[in-house]
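Student: Sequence plus the predicted model coming up.
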Amino acid sequence: MTTVAVVPGDGVGPEVIDQALRVLDSLGLGLSFDVLDQINAERFRRTGVAMSHEEMVRISSARRVLLGAIGDPRVQQTGYARNVLLRLRFELDLYVNHRPAVLLDDRLSPLRDPARRSIDCVVVRENTEGAYIGSGGVLRSGTPQEIAIDNDISTRHGVSRVLGYAFSVARRSVCMVDKSNAVPFGGGLWQQCWADARSAHPGLASSHLYVDAAAMKLIQDPTAFDVIVTNNSYGDILSDVTSQLAGGLGTAASANLNPEQGVGLFEPVHGSAPDIAGQGIANPVGAVLSAALMLDHLGRGAEGDALRGAVRKAVSARRCTPDLGGQLGTEDAGAAIAAEVQ
């Protein structure tokens, strides 16, 4: 039996994860869920423990993690989120952040031109390097001469392997995005690795854009893209753009992967949304589609496609939450997806 570690987390996380588990159960796959609902901000506020060694061992043993959301406005210390999310990413070496964006229904696109609405692309974001790793510091703190430094780290090993992954999942083309005209050192390394990757994959179309031009092109015609690969911070921004073009952040799914080790963490992109937590109105689609990515990772692609098809049918019939044009709450929206699966 395949065991999946489940971390519901904070805010709307437990609400949407409940629906993802409900939909997974409707497939009858016999998955076993190891639920670690004690990993949350409430415990951290009481004890200062974000995630214990024993909990990390349980998650590592399962090798697949379904996560709801981490974050609580009552916890101001960045150490809580870093000691859960970033610890998982770094200790499991989840160097790929895979964020697909597929338009679920034509009415959800913000674009006027119908010919350009059908976005169907993937943002592949390098996940363990870049500006988010916490390298830097502050000098002369609290003085008028205070200096804050955040280092943006790129390594040949890290860049090369994420570019290789991007080519491995491409259907038509890969676009590498950087800002090497203004950020010459890290950008120069990305350019060198990009030239090597293109040479190793001559059968696929490839292109390069600076990040500002890529953002404009996405708004102009998102159908031009298949796979976009970029660094941690640019990928964070561009994947939010693609999710909005596909129907909104509530529909966005992600997979944090180490393809060689067969390890993955799957989570909706929307975060903990504390302003609507506990109201029963959170959109479960991002969590369900993250579960579908997990099924793909488990070699259950047909079942993953079944979940995606069920989501499309439910959304097209407006059996969904208000942000997608329906009138259902979280539980009823999850039930509607499960009914389409059955």
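Tutor: Noted; the coordinates are in hand.
Student: pLDDT (mean, whole number) over the helix or strand containing Val57?
Tutor: In this structure, Val57 sits in helix 53-62 according to DSSP states H and E. Averaging pLDDT along helix 53-62 gives 96.
Student: Need the CA coordinates for it. CSV is fine.
Tutor: C-alpha atoms of helix 53-62 as CSV (Å, rounded to 0.1, in the frame of the first residue of the first chain):
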residue,chain,number,x,y,z
HIS,A,53,12.7,15.4,13.8
GLU,A,54,10.3,12.5,14.2
GLU,A,55,7.7,14.2,11.9
MET,A,56,10.4,14.9,9.3
VAL,A,57,11.3,11.2,9.4
ARG,A,58,7.6,10.2,8.8
ILE,A,59,7.4,12.5,5.9
SER,A,60,10.7,11.4,4.4
SER,A,61,9.6,7.8,4.7
ALA,A,62,6.4,8.4,2.9
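Student: contact partners of that helix?
Tutor: Helix 53-62 is touched from outside by 3-5, 7, 34, 36, 38-39, 65, 87-88, 91-92, with contacts defined as CB atoms under 8 Å, 6 or more residues apart in numbering. In this view, the C-beta of every residue, glycine as well, is placed from N, C-alpha and C.
Student: ok, Gly158 - how many residues close by?
Tutor: 20 (other CB atoms under 10 Å).
Student: what residues are up against the closest residue to Ile119 other than its chain neighbours?
Tutor: Nearest non-adjacent residue to Ile119, counting by CB to CB, 6 or more residues apart in numbering: Pro222, 3.9 Å away. In this structure, Pro222 makes contact with Ala101, Leu111, Arg116, Ile119, Cys121, Thr242, Leu245, judged by CB under 8 Å, 6+ apart.
Student: so the first one, which of the three states?
Tutor: Read it as Ala101. Assigned by DSSP: H, G, I helix; E, B strand; the rest coil, the conformation of Ala101 is strand.
Student: Show me what counts as buried in the helix or strand of the chain with the lowest mean pLDDT.
Tutor: The helix or strand of the chain with the poorest confidence is helix 79-81; it has a mean of 88 (mean pLDDT, DSSP states H and E). Burial within helix 79-81, assessed by neighbour count using 16 or more other CB atoms under 10 Å, is assigned to Tyr80, Ala81.
Student: got the CA coordinates for the helix or strand following that helix in PDB?
Tutor: Next in sequence after helix 79-81, counting helices and strands by DSSP H and E, comes helix 87-91. The C-alpha trace of helix 87-91 is given here as PDB (Å, rounded to 0.1, in the frame of the first residue of the first chain):
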ATOM      1  CA  ARG A  87      13.200  22.600   5.400                       C
ATOM      2  CA  LEU A  88      11.200  20.100   3.300                       C
ATOM      3  CA  ARG A  89      12.400  21.600   0.100                       C
ATOM      4  CA  PHE A  90      16.100  21.600   1.100                       C
ATOM      5  CA  GLU A  91      16.300  18.400   3.100                       C
END
